[in-house]
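Asks: build the 3D model from these lines:
(one chain, ligands or ions: 2)
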Amino acid sequence: MKLVIFRCLRQSKNHASEKSATDKELQRKSSAIPKNFPEAVKILLLGTAESGKTTIIKQMRILHINGYTDDERRDNIPEIYQNIHESIYQLVQHMSILGLEYQSCASKHSAAYILSMGDTAPEYMNEEYCDHVMTLWNDFGIRTCYERSNEFPLSDSTKYFLDNFERICQDDYIPTTEDILHSRKVTTGIHNISFRVQIPKYLGGGEQIFHMYDVGGQRDQRNKWIQVFEGIQAVLFLISCSDFDQTLREDPTQNRLIEALSLFRGVWQNRFLSSAGFIVFLNKQDILRRKIAAGKHIVDYFPEFEDFCNSPQAESCFDECDWTKKFIKQKLIDITEEPVKRPSRNLMNHNAKRECYYHFTVATDTGCIRKVFNDVHQMILHDNLAQMNLM
Ligand SMILES: Nc1nc2c(ncn2[C@@H]2O[C@H](COP(=O)(O)OP(=O)(O)OP(=O)(O)O)[C@@H](O)[C@H]2O)c(=O)[nH]1
Ligand SMILES: [Mg+2]
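Replies: Ligands and ions are numbered 1, 2, ... in the order given. Purely as a prediction, here's the structure:
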């Protein structure tokens, strides 16, 4: 199956009303629909490191497989302990680098304790360790360091885990689904998850199989991506919108958002992916909102933002967060409109306009991903109908 692209939503400005209109249209045609949707759909998750790809895979497991048993939850404990330890260790290390002072002697003592442990988490959270971590997280100096964490690499889940630390350091701790969604392990190599999704009765019923591929987003992982380009029907590209004031872990001279945009250009223009559908998740909307509320401005990193705010595209925006997310989206749209240097042989018509679909997401929010994935599935069903000349 060739996913030319999700034609039926092409002119959509208001997704919600458009969707219900097309649903009704599909229902009307239901009697004519054969039960022969292509059995499996292959989706490839791409994006820079920490954009949220593996978090989407976890959400698919929660939404479409059985989620996590208690034993599987317990298996995540070492990773969560390591995430917490790395966060507090990084914060303590950067206190002196940034020239910040601790609020009390007790905090200084706790910092020395954490530093003496190195960057490996303890196997068990004993009382002494927990007290030190809590003292530090309540320290005003550490909070100032946290507010400046765009200046050094720090996990996006630092606040989540340290705010929940008292619960996590209990002896009988079992990670919640939310804890698992916030935990982070760098992906190396290629992983995939397969799951089935119900096809609505009015479309003939039955199930569709999805194979979703997850890859590592760090620079040294990207040369492996090409191994999975064959037969991909849709690319789901994740971009972390809150990255505008951060630099890469692997190259501290490179702004993360600039890296993500140039990676998107490379993927969009890749001739092996030219017949795949494109969906972009503009992710980490929760962190973006938090950053802007804390007084960070994208204009300090992207001066062209000022012109965007005076452009017609920004007319419907109502606050800085809204402007910022639309500005990033516009940058992606601009890339899709750039002339392609080497058109693909796979494209039947070189002049055919390819579509790209955008969603603002919070990958750690199951409700959000449930809704967005439903939309993605609908688009795939619509496209399949179009392929069968039923639309
Ligand atoms: N608050 C918040 N955290 C997120 C969101 N998306 C992902 N994260 C967190 O960001 C971290 C990185 O997410 P991953 O899914 O591991 O990123 P990745 O793209 O797989 O990264 P690589 O494997 O290095 O390519 C994890 O701690 C996630 O919990 C989001 O929308 N909001
Ligand atoms: Mg990953």
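Asks: every contact and neighbour count from this point should use C-alpha atoms.
Replies: Will do.
Asks: interface residues of the stretch 51-200 of the chain facing ligand 2?
Replies: Neighbours of ligand 2 within the stretch 51-200 of the chain, by CA under 5 Å from the ion: 54, 187.
Asks: hmm, try it at 8 Å
Replies: The stretch 51-200 of the chain comes close to ligand 2 at residues 52-55, 184-188, as judged by CA under 8 Å from the ion.
Asks: buried stuff in whichever helix or strand His132 is part of?
Replies: Element membership for His132, per DSSP states H and E: helix 127-137. Buried residues in helix 127-137, counted by 16 or more other CA atoms under 10 Å: 129-130, 132-137.
Asks: picking that back up, now render the residues of the stretch 51-200 of the chain next to ligand 2 as TSV, adding pLDDT.
Replies: Formatted as TSV, these follow (pLDDT from 0 to 100):
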residue	pLDDT
Gly52	98
Lys53	98
Thr54	98
Thr55	98
Arg184	97
Lys185	97
Val186	97
Thr187	98
Thr188	97
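Asks: mind checking which of the residues you listed are in strands?
Replies: Of these, none are assigned to strands by DSSP state E.
Asks: show the buried residues in those residues.
Replies: Buried by 16+ other CA under 10 Å: 52-55, 184, 187, out of those.
Asks: just those residues that are near ligand 1?
Replies: Intersecting these with the contacts of ligand 1 gives 52-55, 184, 187 (criterion: CA under 6 Å from any ligand atom).
Asks: any idea which element Asp214 lies in?
Replies: strand 207-215.
Asks: identify all contacting residues around that strand.
Replies: With CA atoms under 8 Å, 6 or more residues apart in numbering as the test, strand 207-215 has contacts from 37-46, 53-54, 57, 187-199, 221-222, 225, 228.
Asks: now a ChimeraX select for only the buried ones of those.
Replies: Buried residues within those, by 16+ other CA under 10 Å, are selected in ChimeraX with:
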select :37,40,41,42,43,44,45,46,53,54,57,187,194,195,199,221,222,225
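Asks: give the contact list for the residue in the stretch 101-250 of the chain positioned nearest to ligand 2.
Replies: Of all residues in the stretch 101-250 of the chain, Thr187 sits closest to ligand 2, at 4.1 Å by CA to the ion. For Thr187, the contacting residues are 54, 215-217, by CA under 8 Å, 6+ apart.
Asks: how much space between the residue sitting furthest away from the middle of the chain and ligand 1?
Replies: The C-alpha centroid of the chain is most remote from Cys105, which lies 39.8 Å away (CA atoms, centre = their mean). Here Cys105 is placed at a distance of 31 Å from ligand 1 (CA to the nearest ligand atom, to the nearest Å).
Asks: then Ile190?
Replies: Look at Ile190 and ligand 1: by CA to the nearest ligand atom, they are 10 Å apart.
Asks: settle this for me: that residue is touching Arg222, isn't it.
Replies: No: between Ile190 and Arg222 there is no contact under CA atoms under 8 Å: 10.4 Å.
Asks: what about the stretch 251-391 of the chain, any weak spots by pLDDT?
Replies: 341-352, 384-391 (pLDDT under 70).
Asks: make it 90
Replies: Residue ranges of the stretch 251-391 of the chain with pLDDT under 90: 275, 310-318, 339-355, 375-391.
Asks: format the buried residues of helix 127-137 as JSON lines; extra columns: distance to ligand 1 and pLDDT.
Replies: Output for the buried residues of helix 127-137, formatted as JSON lines (distance: CA to the nearest ligand atom, whole Å; pLDDT from 0 to 100):
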{"residue": "Tyr129", "distance to ligand 1": "22", "pLDDT": "97"}
{"residue": "Cys130", "distance to ligand 1": "21", "pLDDT": "97"}
{"residue": "His132", "distance to ligand 1": "23", "pLDDT": "98"}
{"residue": "Val133", "distance to ligand 1": "19", "pLDDT": "98"}
{"residue": "Met134", "distance to ligand 1": "20", "pLDDT": "98"}
{"residue": "Thr135", "distance to ligand 1": "23", "pLDDT": "98"}
{"residue": "Leu136", "distance to ligand 1": "21", "pLDDT": "98"}
{"residue": "Trp137", "distance to ligand 1": "18", "pLDDT": "98"}
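Asks: switch those over to TSV; also include distance to Leu381.
Replies: Listed next are these as TSV, based on distance: CA to CA, whole Å:
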residue	distance to Leu381
Tyr129	53
Cys130	51
His132	54
Val133	50
Met134	50
Thr135	53
Leu136	52
Trp137	48
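Asks: how are the helices of the stretch 201-350 of the chain distributed by residue range?
Replies: 256-268, 285-293, 305-309, 320-336 (DSSP state H, counting those that start in this stretch).
Asks: next, the angle from the helix or strand that the last one is followed by to helix 256-268.
Replies: As assigned by DSSP H and E, the chain's next helix or strand after helix 320-336 is strand 356-360. Here strand 356-360 runs at 150 degrees with respect to helix 256-268, directions being taken by axes from the mean of the first three to the mean of the last three CA atoms, to 10 degrees.
Asks: just checking, what packs against strand 356-360?
Replies: Contact partners of strand 356-360 among helices and strands, from 3 or more CA pairs under 8 Å, 6 or more residues apart in numbering; DSSP states H and E: strand 277-283.
Asks: touching ligand 1 at all, the strand it packs on?
Replies: Yes: remark: strand 277-283 sits within contact range of ligand 1 at Asn283, by CA under 6 Å from any ligand atom.
Asks: contacts for that strand?
Replies: With CA under 8 Å, 6+ apart, strand 277-283 has contacts from 3-6, 51-52, 233-241, 325, 329, 355-363.
Asks: give me the domain ranges for this structure.
Replies: By the assignment in the TED database, the chain contains the domains 38-68+187-381, 70-182.
Asks: hang on, the earlier thing: residues contacting the residue farthest from the centre of the chain?
Replies: Going by CA under 8 Å, 6+ apart, Cys105 touches no other residue.
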